[in-house]
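S.K.: sequence and computational prediction follow.
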Amino acid sequence: MKNELQSLKENLRIKDYYNLLVILVLIAGMMYSPFLVTLGFALSLFSIVWEIVAIGFKPVLNKIRQGLPYIFCIAILVVLDILSVGWSTDKSEAWSIVWHQAPLFVIPLLFCVISPFKKELLDLVVLGYIVGIIWGIVWGSTVYLMDEYADSRKLILGARNIAYSMKTAFAIIILCIYAYLTRRHKKKCIGLSLCFLAFLLATQMMSGLITLVLFTFVALFYFLLKKKTVYTKVLSLLLVLALCGAGVWIVKQYHSYFFPKEEYAKNLDAETKSGNKYINYDDGFVENGYYVNKYLCKEEVEVEWERRTGKKTSDKCENAPYTYGEVIYRYMNSKGLRKDKESVWQLTDRDLENINQGYANVVYAERFSIKPRLYQTFYELERFANSGEVSEMSLVQRFVWTKNACKVISQNFVFGTGIGDEQKALKTQLDRDYPGLSKVDVDPHNQFVYTFAGMGLFGLAIFVFSLLYIPFKKRLWHNPYYLTFFVLFICYMLSESALRMVSGMMFYAFILSLFSFNKETIEKSYLS
């Protein structure tokens with residue numbers, strides 16, 4: 001530790017510490033705060049001026065000229081947006097979007113001017129990124145543990161759920177790669193990785209988890225081909241067994257959810273114990289192995305619910321935008337209860353609180369498990385298959401929005417709608433097929449599809465070329481850290497229009513700029 005502090009004192013100057021401050025502010029902004037992004041941009045301008053004063057205007061200009069192809073590639077969407085303003089009808093919206101994408105230009109310009117980093121500075125930048133992830137996990141874990149009904153999508157103040165899960169997955173992988181390649185800080189790296197993974201599992205951040213699983217399989221396949229050691233074979237076998245176990249568990253849950261219990265194979269009772277008639281619809285709507293619309297007596301439930309809680313079934317839940325009537329029948333059914341007088345009084349105080357929170361299935365209240373997310377997915381798929389309903393269903397809505405975007409693409413195939421017009425075109429098309437659904441965001445949640453809709457085949461081809469130019473030009477394909485980022489960010493762009501969001505733009509521009517202008521320092525520091 002003393003040697004490392006001494007090295008910092010000897011090798012870093014005031015300018016380096018200021019640049020570190022700027023980068024740390026940008027990292028914090030990337031993860032948690034648009035305000036800090038703006039502050040970081042202002043500080044970045046001073047960094048560039050300082051560099052000009054320190055080494056002269058011409059050397060800085062030469063740096064920019066040499067780095068221009070990489071700046072251009074990272075900021076390619078800004079360039080395409082400016083070009084497409086020409087055929088956009090909503091010019092003000094188009095220029096607003098161009099301005100919104102400033103991070104894609106500012107970050108690579110800053111890194112181009114202040115790079116290459118000294119090893120000590122690079123170490124502190126990486127450490128700052130890891131500390132940023134730790135801060136979010138500590139914050140999110142505290143909220144999750146203190147609030148039984150905390151929304152896992154809103155645990156971390158200022159952080160987008162999908163973006164944060166991807167950044168955490170990236171941290172897990174680079175920590176493991178660093179420990180494997182350098183043999184340094186192995187216990188710390190593995191310990192942190194396990195903590196990060198536990199957080200993703202407990203809070204059901206599926207985007208990061210799925211990306212980790214895919215990346216693990218790719219990495220193991222690579223190692224099996226390149227290094228067939230006992231270690232890799234055993235690890236591969238364990239992973240395959242774990243995957244098989246997970247598959248068996250999912251199949252078991254699928255069977256438990258969709259296959260009706262034995263009591264529905266018999267003749268159904270026609271009346272409740274109080275002598276009122278049951279309604280037994282044959283609509284096939286199954287949840288947790290029970291038919292939601294069988295053994296249904298609404299008049300008893302409505303009367304007893306008001307008697308027990310003092311509220312009508314038409315009233316809104318206390319902490320959810322649903323009426324009690326939209327929740328209680330599914331909730332009672334999920335517990336295997338009939339929808340009648342007796343069942344209302346069998347509900348526990350915890351059940352009543354779950355209903356107040358808008359939980360329509362008792363499984364949704366389970367914590368530290370991915371089972372709620374799995375059951376929500378089952379419900380969405382079944383509801384869509386049986387009724388075509390897509391409201392309040394994120395997974396199915398993504399499918400509908402993507403299908404809708406493809407129709408817009410077919411109408412504007414070559415050059416797209418033009419920047420600023422794609423939202424209007426997507427809403428107009430969606431209103432034709434799903435009236436009313438376009439009141440919410442119509443983003444297809446896929447960066448490639450969104451780019452295709454706004455800028456056509458022309459824009460998409462250039463965007464894809466820009467993604468591949470830097471790794472080929474800088475020969476980054478053999479760098480495991482870069483390969484991790486590339487694979488992970490492709491997954492990110494397939495699950496969200498990442499480069500429409502400030503957090504996604506910052507993540508993309510920051511990491512790609514780091515590799516573009518500090519390739520040699522990274523390889524010397526972290527590949528041996």
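M.R.: Sure, I can see it.

S.K.: does residue 263 belong to a helix, a strand or coil?
M.R.: The three-state label given to residue 263 by DSSP: H, G, I helix; E, B strand; the rest coil is helix.

S.K.: I'd like to know how many residues surround it.
M.R.: Close neighbours of residue 263, defined as other C-beta atoms under 10 Å, add up to 15. C-beta here means a position set from N, CA and C on the backbone, and glycine is covered the same way.

S.K.: quick check: chain neighbours aside, which residue is closest to the most centrally placed residue in the chain?
M.R.: For the chain, residue 162 is the residue whose C-alpha lies nearest the centre (C-alpha atoms, centre = their mean; 1.4 Å). With C-beta to C-beta, 6 or more residues apart in numbering as the criterion, residue 162 has its nearest non-adjacent residue at 4.7 Å, and that residue is residue 207.

S.K.: hmm, back to that, from memory the residue nearest to the centre of the chain sits against residue 206, does it?
M.R.: No: Residue 162 lies out of contact with residue 206 (C-beta atoms under 8 Å); the separation is 9.0 Å.

S.K.: re the thing from before, can you tell me the element the residue nearest to residue 162 falls in?
M.R.: helix 206-226 (DSSP states H and E).

S.K.: circling back to that earlier point, and the pLDDT at the residue nearest to the centre of the chain?
M.R.: pLDDT recorded at residue 162 is 85.

S.K.: also residue 203?
M.R.: The score at residue 203 is 85. That number is its pLDDT.

S.K.: any idea how far residue 154 is from it?
M.R.: Distance of residue 203 to residue 154, computed by C-beta to C-beta, to the nearest Å: 11 Å.

S.K.: looking at those two, which one has more neighbours?
M.R.: Taking other C-beta under 10 Å, residue 203 and residue 154 do not tie; residue 203 has more neighbours (27 against 12).

S.K.: wait, isn't the more buried one in contact with residue 151?
M.R.: No: between residue 203 and residue 151 there is no contact under C-beta under 8 Å: 9.9 Å.

S.K.: so the spatially closest residue to residue 407 that is not a sequence neighbour versus residue 394, what's the distance?
M.R.: Of all residues not flanking residue 407 in the chain, residue 429 sits nearest, at 5.3 Å (C-beta to C-beta, 6+ apart). Noted for residue 429: a distance of 20 Å to residue 394, by C-beta to C-beta.

S.K.: likewise for residue 318?
M.R.: 23 Å.

S.K.: doesn't residue 331 belong to a helix?
M.R.: Yes: counting by three-state DSSP, residue 331 is located in a helix.

S.K.: and the pLDDT for it?
M.R.: pLDDT at residue 331 comes out at 91.

S.K.: show me what contacts it?
M.R.: Neighbour list for residue 331: 351, 354, 355, 359, 360, 361, 362 [criterion: C-beta atoms under 8 Å, 6 or more residues apart in numbering].

S.K.: let's see 6 Å
M.R.: Counting by C-beta atoms under 6 Å, 6 or more residues apart in numbering, residue 331 touches 355, 360.

S.K.: give me the neighbour count for residue 316.
M.R.: Residue 316, neighbours per other C-beta under 10 Å, totals 13.

S.K.: equivalent analysis for residue 78, please.
M.R.: For residue 78, the count of nearby residues is 22 (other C-beta under 10 Å).

S.K.: what's the distance between it and residue 499?
M.R.: 10 Å.

S.K.: any regions of this structure where pLDDT drops low?
M.R.: In the predicted model, the chain carries pLDDT under 70 at residues 1-11, 220-229, 231-233, 264-265, 387-393, 435-441, 528.

S.K.: quickly list the domain ranges of it.
M.R.: The chain breaks down by automatic domain parsing into domains covering 14-247+440-526, 264-365.

S.K.: centre of the chain to the last one, how far?
M.R.: So the one you mean is domain 264-365. Centre-to-centre, domain 264-365 and its host chain are 34 Å apart (C-alpha atoms, centre = their mean, to the nearest Å).
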